[in-house]
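Enquirer: Whatever this is, show me its structure:
(one chain, ligands or ions: 1)
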Amino acid sequence: MILDNFGISTTKAFEPKANSALLVIDLQNDFCPGGALPVANGDQVIEPLNRMISHAHKNEQSVFLSRDWHPLNAKHFKPTGNWPIHCVEDTPGAEFHSSLKYLGSDYVVSKGTDPEENGYSAFEGKTYFRPLDEVLRYFKVKKLYIGGLATDYCVKNTCLDARKLGYIVYLLTDTCRAVNQKPGDEALALNEMANAGVKFTTTDEVIDKAR
Ligand code: VGL
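Expert: Numbers count the residues shown, from 1 in each chain. Model (predicted):
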């Protein structure tokens with residue numbers, strides 16, 4: 001039984017012991033090819049992310065999977081917002097990609113659930129009704145490995161918030177792809193993250209180092 005301090009009765013097969021965690025951002029159907037807001041080659045990050053998820057489980061790291069979980073009346077959508085309708089709660093487009101190999105014991109972080117919010121950062125999200133930061137602190141997590149979609153929006157905002165909150169942040173560069181609404185957005189995002197103290201690494205580097 002974990003999360004009992006939160007007054008939540010849930011049995012989880014897995015209690016994280018490491019002071020690092022993996023954060024997988026928005027690997028949802030609508031952000032993958034064929035979805036409502038497809039990120040070019042977004043599905044290519046699933047294979048390395050699956051290796052990272054498996055690596056995290058073996059090393060007793062907790063795994064958090066964020067998801068956009070918007071109400072249909074979200075201001076985030078056109079015409080008030082910038083985006084076509086995507087990742088509407090309880091629709092197939094909002095489901096995690098079926099090739100993503102996570103476990104039922106991993107933590108799903110829902111964000112963008114308020115019609116007023118964009119929910120770009122996973123730190124705006126909640127798991128088991130608790131803010132992500134609170135749960136990470138409960139698990140004594142100090143270091144985050146982050147990857148997913150999209151580099152220039154949700155990944156960037158999550159990494160910047162994580163740095164503001166004092167986490168050591170490693171971006172898994174091979175596990176990210178950008179929207180690139182304007183050419184160069186990806187490079188700008190990487191630059192902003194680097195300036196905020198985000199360190200860059202890759203799946204291979206992390207897994208090889210642990211061997
Ligand atoms: C995202 C654009 C709009 C993302 C979400 O997941 O990066 N991008 N909503």
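Enquirer: Mind pulling the model confidence for the residue nearest the centre of the chain?
Expert: In the chain, the C-alpha closest to the average C-alpha coordinate belongs to residue 25, at a distance of 2.0 Å (CA atoms, centre = their mean). Residue 25 carries a pLDDT score of 98 in this model.
Enquirer: and the gap between residue 60 and the ligand?
Expert: Shown here: residue 60 relative to the ligand, a distance of 28 Å by CB to the nearest ligand atom, to the nearest Å. Placement of C-beta: from N, CA and C, glycine included.
Enquirer: for residue 105, same thing?
Expert: Computed with CB to the nearest ligand atom, the distance linking residue 105 and the ligand is 24 Å.
Enquirer: that older thread, ok, the nearest residue to the residue nearest to the centre of the chain once chain neighbours are set aside - contacts?
Expert: Residue nearest to residue 25 in three dimensions, not counting chain neighbours: residue 148, with 3.0 Å by CB to CB, 6 or more residues apart in numbering. By CB atoms under 8 Å, 6 or more residues apart in numbering, residue 148 lies in contact with 23-27, 45, 49, 66, 154-155, 175-176.
Enquirer: Report the buried residues of the longest helix anywhere in the chain.
Expert: Secondary structure of the chain per DSSP state H: the longest helix is helix 46-58. Within helix 46-58, the residues that qualify as buried by neighbour count (16 or more other CB atoms under 10 Å) are 46, 48-53, 55-57.
Enquirer: Now do the phi/psi pair for the residue nearest to the centre of the chain.
Expert: Residue 25 adopts backbone torsions of phi -100, psi 120, taken as degrees, to the nearest 10.
Enquirer: That one and residue 157 touch, don't they?
Expert: No. Using CB atoms under 8 Å, residue 25 is not in contact with residue 157, being 9.3 Å away.
Enquirer: could you point out the longest strand in this protein?
Expert: Among the segments of the chain that qualify as a strand by DSSP state E, the longest is strand 168-177.
Enquirer: Now that one: buried residues?
Expert: By 16+ other CB under 10 Å, the buried positions in strand 168-177 come out as 168-172, 174-177.
Enquirer: what's the nearest residue to residue 87 if we skip its chain neighbours?
Expert: When the adjacent residues along the chain are set aside, residue 87 lies closest to residue 68, with 3.6 Å between them (CB to CB, 6+ apart).
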